[in-house]
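Visitor: Return atomic coordinates for the entry below.
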Amino acid sequence: MTILVKIFGDLRKKIEGSKISGSLPLNLHIESDEIETIADVLNKYAIEKEETSHLFVNGSYSGFNKKLKDGDRVGLFPKNMSLLYKWYFTRNEDG
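Guide: Next up is the predicted model:
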């Protein structure tokens, strides 16, 4: 399974060996059958849940338990980039 993970803001600093360019997101392609949920992606990169504000799968506001499938695009935003989504949109969760 291949997943595109876009990591924004200060979370980019958590990825060893990454080249941060201005304000562009860090794009990582994960090829693994061990990744099932967004929480698994966070664990892979040692990102604590408390460090994130908003999570997206294919442009849809999602939660930590959202199941991922081949070809999904995941967006991870840090606390200091929080938006008002939680008041206006329901998080998509799978479990």
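Visitor: middle-most residue in this protein, spatially?
Guide: The residue lying closest to the centre of the chain (CA atoms, centre = their mean) is Leu76, at 3.0 Å.
Visitor: Please, which helix or strand holds it?
Guide: Remark: Leu76 resides in strand 73-78, with elements defined by DSSP states H and E.
Visitor: Would you mark the buried spots in that strand?
Guide: Under the neighbour-count criterion of 16 or more other CB atoms under 10 Å, strand 73-78 has Val74, Gly75, Leu76, Phe77, Pro78 buried. C-beta: built from backbone N, CA, C; applies to glycine.
Visitor: Check stretch 19-33 too.
Guide: Those would be Pro25, Leu26, Leu28, Ile30, for stretch 19-33 by 16+ other CB under 10 Å.
Visitor: could I get these as CSV with distance to Lys49?
Guide: Listed next are the buried residues of stretch 19-33 as CSV, based on distance: CB to CB, whole Å:
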residue, distance to Lys49
Pro25, 19
Leu26, 19
Leu28, 19
Ile30, 18
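Visitor: Tell me which of those residues fall in helices.
Guide: Among the buried residues of stretch 19-33, none falls in helices (DSSP state H).
Visitor: Tell me the one among these nearest to Ile3.
Guide: Ile3 has its nearest neighbour among the buried residues of stretch 19-33 in Ile30, at 4.7 Å by CB to CB.
Visitor: ok, and the closest non-adjacent residue to that closest one?
Guide: Excluding the flanking residues, the one nearest Ile30 by CB to CB, 6 or more residues apart in numbering is Ile3, at 4.7 Å.
Visitor: Likewise for Ser18?
Guide: Nearest residue to Ser18, sequence neighbours excluded (CB to CB, 6+ apart): Leu26, at 5.3 Å.
Visitor: any idea how far Lys67 is from Met1?
Guide: Relative to Met1, Lys67 is positioned 11 Å away (CB to CB, to the nearest Å).
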